[in-house]
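Q: sequence first, predicted model second:
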Amino acid sequence: MSIVSALFGRPLATSESREQEIGVLSAVPVLGLDALSSAAYGPEAALAIVIPAGLFGLAYLPAITAVILVLLAIVYFSYRQTLSAYPNGGGSYIVASENLGKHAGVVAAASLMLDYILNVAVGISAGIGALESAIPWLQPHTLAACLLALVLITMVNLRGVRDAGTAFGFPTYAFVVTLMIAIGVGLFRSLASGGHPGAIVPPPVVMSSTKAVTFWLLIRSFASGCTAMTGVEAVSNGVPLFAVPRVKRAEWALTIIVATLCVLLGGIAYLSRAYHIGAMDQSQPGYQSIHSQMVAAVLGRGPIYYITIASVLSVLILSANTSFADFPRVCRLLAEDDFLPAGFANRGRRLVYSLGISVLAVVSGVILIVFGGITDRLIPLFAVGAFGAFTLSQAGMVAHWWRKRGPGARLSLLINALGATATAATLAVIIVAKFVEGAWIALIIVPGLIVLFLAIHRHYRRVMRTTKAPVNIELSQRTPLAVIVPIEGWDCVAERALRVAMQISDDITAVYICAAQSPGGLRLAWKNHVVEPAKEKGIEPPRLKIITSPYRRFLQPLLDYVEEVKKEKPDRLIAVVIPELVQMHWYEYLLHNQRAAFLKVRLFLGGDERVVVINTPWYLRESSSSTANRK
């Protein structure tokens with residue numbers, strides 16, 4: 001087994017694609033980790049804003065969470081509508097494109113891609129933050145730990161969707177079960193004590209109030225807490241991943257994900273207030289996440305504490321899997337519509353869109369490096385993309401039901417209209433509340449992506465207009481090619497190129513670029529090995545032209561000679577036959593010059609339709625015996 005197969009699994013045939021389809025239980029870790037893991041950083045992001053208000057700000061967390069849960073319910077019912085209307089996958093890009101036009105679809109795709117990229121960065125940084133709560137000595141190595149986690153999760157996803165679901169299933173359900181236990185025990189103790197439970201391990205004291213609770217402060221807290229809703233759209237994007245019946249399985253998966261998320265968010269908000277748990281600064285020594293504080297307060301710091309924190313850590317890091325499942329699919333859709341390079345639409349060796357996965361990993365890694373792997377620095381950018389995609393998707397569904405009409409269409413339209421209105425209003429709040437803190441960056445990135453997509457689309461359209469026009473073959477002028485063969489001496493590589501040239505034309509000139517002194521040895525070799533054998537066969541021998549280059553340049557003198565031939569033979573096509581030595585191993589190319597590659601690039605960039613480039617490879621693995629036989 002090769003190293004590649006050991007790391008990424010054996011290659012899968014296209015006929016094996018059905019084996020990669022998933023059921024409801026597998027879909028929760030594959031498509032629901034983003035949403036479920038947001039329960040770990042959404043409440044903390046909301047609490048971080050009200051830190052200056054002390055306990056007074058903490059008292060408002062349940063109310064803020066209640067508003068978020070109402071909004072989450074609206075989005076849930078809206079996306080159920082999308083699942084039924086688009087059984088083959090109804091992500092924001094598809095819905096917006098079909099109902100609002102391609103430009104709206106591109107805006108939705110750009111927003112969604114930003115959301116997926118930031119989800120990877122935020123999930124991993126929050127996971128490492130949870131680990132630092134249990135292992136404080138790791139804190140100085142936050143960024144290195146984040147990048148290591150990114151590499152591992154990328155490798156798992158390159159193995160395929162089904163392998164990712166299997167690998168992430170246990171951590172996901174461990175996360176849900178352990179947090180449910182902590183929430184259940186915490187609620188029981190709180191109710192038994194009249195709402196004032198005693199903590200087994202008291203959380204750090206919430207700082208005294210230094211700022212009054214204002215409406216603006218609550219709005220900012222709400223905007224940060226809305227990050228808990230990111231990832232809900234993943235199921236609608238991933239419907240093609242499900243086994244049949246796809247829509248029913250997708251609906252069940254979405255219901256389980258949203259219901260679980262609601263319980264986790266509500267429980268965490270209640271216990272944070274009951275146990276006086278506040279957010280802490282991740283960049284400061286002694287940092288503890290609110291989950292660490294909550295579990296320690298409810299269950300103590302025994303084995304179950306470390307099991308819970310381990311599950312939180314694993315799910316936060318693995319939450320990036322939702323992005324790795326859906327980001328490449330959005331890229332594929334864009335590529336199929338000519339808004340991204342065609343390579344994004346090609347499946348890799350494990351039937352996943354490997355290029356999209358690789359690009360997501362690289363961009364997320366850059367973001368982690370830029371922001372130092374600190375969650376609080378990433379949160380302000382996070383929700384803009386998600387809610388932009390939410391809004392356009394729901395607006396597209398309104399247009400869909402308006403055109404469709406028929407039984408049930410009016411109710412569906414009202415549900416999606418409510419979803420579009422709610423998410424649009426929330427998006428406006430997030431932009432205003434988080435603009436100074438970093439949301440302005442998202443407002444630059446999304447338009448930048450849109451401009452890039454449209455520029456790529458224009459390029460493909462121009463190529464299609466230019467190359468796809470029907471044209472009859474030109475047969476009126478059948479003049480022989482004027483062939484130029486650049487050589488670096490007389491050897492097997494040059495012999496192969498010259499042999500190919502002599503198959504296509506009798507007008508052949510081999511060009512040798514040398515320094516100030518003319519190589520007499522080459523002239524003699526040319527006479528003995530080319531001219532005399534050609535004359536014996538009654539063939540016109542190729543010419544040898546030696547060009548002196550006193551400044552030791554190779555490309556420019558050769559390009560100048562090509563221009564001379566073009567002027568001398570204005571009615572002829574010029575074929576440049578380029579000999580190239582092909583190495584057995586990639587690293588051997590470092591030991592040889594790459595003149596052939598540079599020459600091809602320069603000739604192509606010249607843009608002259610009269611110049612034809614022909615490559616003649618000579619493989620280094622060719623045996624010396626076969627070479628001797630040819631001689």
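A: Looks like it came in fine. Residues are numbered from 1 along each chain as shown.

Q: ok, now how distant is residue 22 from residue 244?
A: Note on residue 22: its distance to residue 244, by C-beta to C-beta, to the nearest Å, is 12 Å. (C-beta placed from N, C-alpha, C; glycine too.)

Q: more neighbours: the two, which one.
A: Comparing residue 22 with residue 244 by other C-beta atoms under 10 Å, the one with more neighbours is residue 22, at 23 against 9.

Q: and the more buried one, bridged to which residues?
A: Beta-bridge partners for residue 22, by DSSP bridges, are residue 242.

Q: what's the spacing between residue 214 and residue 220?
A: According to C-beta to C-beta, residue 214 stands 9 Å off from residue 220.

Q: the two: which has the busier surroundings?
A: residue 220 (22 against 10).

Q: surely that one and residue 432 touch.
A: No - counting by C-beta atoms under 8 Å, residue 220 stays clear of residue 432, with 9.2 Å between them.

Q: quick one: the helices in the stretch 501-631 of the chain?
A: With DSSP state H, counting those that start in this stretch, the ranges of helices along the stretch 501-631 of the chain come out as 520-526, 532-536, 555-568, 595-606, 624-630.

Q: which one of the ones you listed lies closest to residue 44?
A: Shortest distance between residue 44 and the helices of the stretch 501-631 of the chain, using C-beta to C-beta, is found for helix 595-606: 51.4 Å.

Q: from the chain's centroid, how far away is that closest one?
A: Per C-alpha atoms, centre = their mean, to the nearest Å, the displacement of helix 595-606 from the mean C-alpha position of its chain is 31 Å.

Q: roughly how far is stretch 523-530 from the heart of the chain?
A: Per C-alpha atoms, centre = their mean, the centroid offset for stretch 523-530 relative to its chain is 56 Å.

Q: quick one: buried residues of it?
A: For stretch 523-530, the buried set under the neighbour-count rule, 16 or more other C-beta atoms under 10 Å, comprises 525, 526, 530.

Q: the residues you listed into CSV, with extra columns for pLDDT and distance to residue 254?
A: Conversion of those to CSV gives the following (pLDDT from 0 to 100; distance: C-beta to C-beta, whole Å):
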residue, pLDDT, distance to residue 254
525, 89, 75
526, 90, 75
530, 91, 73
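
Q: so which of those is the closest to residue 465?
A: residue 530 (45.7 Å).

Q: so where's the stretch 251-400 of the chain uncertain?
A: 282-283, 348-352, 375-383 (pLDDT under 70).

Q: dump the residue contacts of the closest residue to residue 546 other than its chain neighbours.
A: In space, and not counting its chain neighbours, residue 546 is closest to residue 512: 5.0 Å by C-beta to C-beta, 6 or more residues apart in numbering. By C-beta atoms under 8 Å, 6 or more residues apart in numbering, the residues touching residue 512 are 486, 487, 488, 489, 519, 522, 544, 545, 546, 547.

Q: and the least confident of the residues you listed?
A: Across these, the bottom pLDDT score, 65, is held by residue 519.

Q: isn't residue 253 up against residue 27?
A: Yes - assessed by C-beta under 8 Å, residue 253 is found in contact with residue 27 at 4.0 Å.

Q: between those two, what contacts are shared?
A: Jointly contacting residue 253 and residue 27 under the rule C-beta under 8 Å, 6+ apart are 235, 242.

Q: tell me which residue of the protein is positioned farthest from its centroid.
A: residue 536 (61.9 Å; C-alpha atoms, centre = their mean).

Q: can you classify residue 144 by secondary structure?
A: For residue 144, the assignment made with DSSP: H, G, I helix; E, B strand; the rest coil gives helix.

Q: for residue 262, helix, strand, or coil?
A: Look at residue 262: counting by three-state DSSP, its state is helix.

Q: I'd like the distance between it and residue 318.
A: From residue 262 to residue 318 the distance is 21 Å (C-beta to C-beta).

Q: which one's more surrounded, those two?
A: residue 318 (27 against 18).

Q: worst average pLDDT in the helices of the stretch 501-631 of the chain?
A: Among those, helix 624-630 scores lowest, with a mean of 45.

Q: who's in contact with residue 217?
A: Contacts of residue 217 by C-beta under 8 Å, 6+ apart are 49, 50, 52, 53, 57, 211.

Q: separation between residue 100 and residue 81?
A: Distance of residue 100 to residue 81, given as C-beta to C-beta: 16 Å.

Q: surely residue 197 touches residue 190?
A: Yes - in this structure, residue 197 is within contact of residue 190 by C-beta under 8 Å, at 4.6 Å.

Q: so what sits against both of those two?
A: Counting by C-beta under 8 Å, 6+ apart, the residues touching both residue 197 and residue 190 are residue 274.

Q: can you pull out the helices in the stretch 351-500 of the chain?
A: Per DSSP H, counting those that start in this stretch, the stretch 351-500 of the chain carries helices over the ranges 354-370, 375-404, 409-434, 440-467, 492-504.

Q: point out the most buried one among those.
A: Each of the helices of the stretch 351-500 of the chain was scored by mean neighbour count; the highest is helix 375-404, a mean of 25, by mean count of other C-beta atoms under 10 Å.

Q: can you give me the angle it makes with helix 440-467?
A: 50 degrees (axes from the mean of the first three to the mean of the last three C-alpha atoms, to 10 degrees).

Q: could you say which helix or strand holds the closest residue to residue 269 other than its chain neighbours?
A: Spatial nearest neighbour of residue 269, excluding adjacent residues (C-beta to C-beta, 6+ apart): residue 65 at 3.7 Å. Per DSSP states H and E: residue 65 is located in helix 61-85.

Q: any idea which helix or strand comes after that helix?
A: Counting by DSSP H and E, what follows helix 61-85 is helix 92-100.

Q: which elements pack onto that next one?
A: helix 102-134, helix 320-336, helix 375-404 (3 or more C-beta pairs under 8 Å, 6 or more residues apart in numbering; DSSP states H and E).
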